[in-house]
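# A structural model of the following input is requested.
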Amino acid sequence: MTTAIGMTRPSLAHLGIFVVDIDAMERFYAGVFGLYVTDRGVGAVFKNSLVFMSGAAEQHHQIVLSTGRAPDTPSTIMQLSFKVESLAALRSVGAAAEASGATDMIGLNHGNAWSIYFYDPERNRVEVYLDTVFHTPQPCADPLDLTKSDETILAETRDLVARLPGSMDRSDYVSQLREELGRS
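Now for the predicted structure:
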């Protein structure tokens, strides 16, 4: 996309993370997110072992796992975010993550999204979320209890959004942002 001032705005397509145990991390991301290994090998420029993984046929890879992280080195990843389509899917991925060794699971209602956060086996923060029909200025984070019904979660979110200045329907926010992006 070229903006009004002639700048090209690239679209984020994939990411790579350094790992300690590439086999364990491959099992985790394949098991929790259903990612498929599209390729593997040793890098031509930097000689790390690489595993390319995707869950979308039109993307060769969405994640690249790369050896090169020293043991006992803390993660520098703020979060890796995965989007799902429903609260049922959010609950399902959360259960799969816990069964695969994820730790420190927390649910948050951001008003504009419902999210669960956890650490993968190498303490990288992972978020799984879905958008709501609302826009809420961020940061916003109320507790999210996924044991409640979808209807109760939606009602709680409606109440949250009603209390926060600047909140609106997501479609209105998207229209406004589209206009702003078109000007820049």
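# got any ranges where the protein has weak pLDDT?
Along the chain, segments meeting pLDDT under 70 span 1-7, 184.
# Now the most centrally placed residue in the chain: which helix or strand?
Geometric centre of the chain, nearest residue: residue 81, 1.0 Å, by CA atoms, centre = their mean. Using DSSP states H and E, the element containing residue 81 is strand 80-83.
# can you check residue 157 too?
Assigned by DSSP H and E, residue 157 belongs to helix 150-163.
# Remind me what that helix packs against, helices and strands.
helix 87-99, strand 103-109, strand 134-135 (3 or more CB pairs under 8 Å, 6 or more residues apart in numbering; DSSP states H and E). All C-beta spots, glycine's among them, are computed from the backbone N, C-alpha and C.
# Give the buried residues for that helix.
Buried residues in helix 150-163, counted by 16 or more other CB atoms under 10 Å: 153, 154, 156, 157, 160, 161.
# which one of the residues you listed sits closest to residue 103?
Here the nearest of these to residue 103, counting by CB to CB, is residue 153; it sits at 23.7 Å.
# Between the helices and strands packed on helix 150-163, which one is closest to residue 51.
helix 87-99 (19.0 Å).
# Off-centre distance for that closest one?
In terms of CA atoms, centre = their mean, to the nearest Å, the centre of helix 87-99 is found 13 Å from the chain centre.
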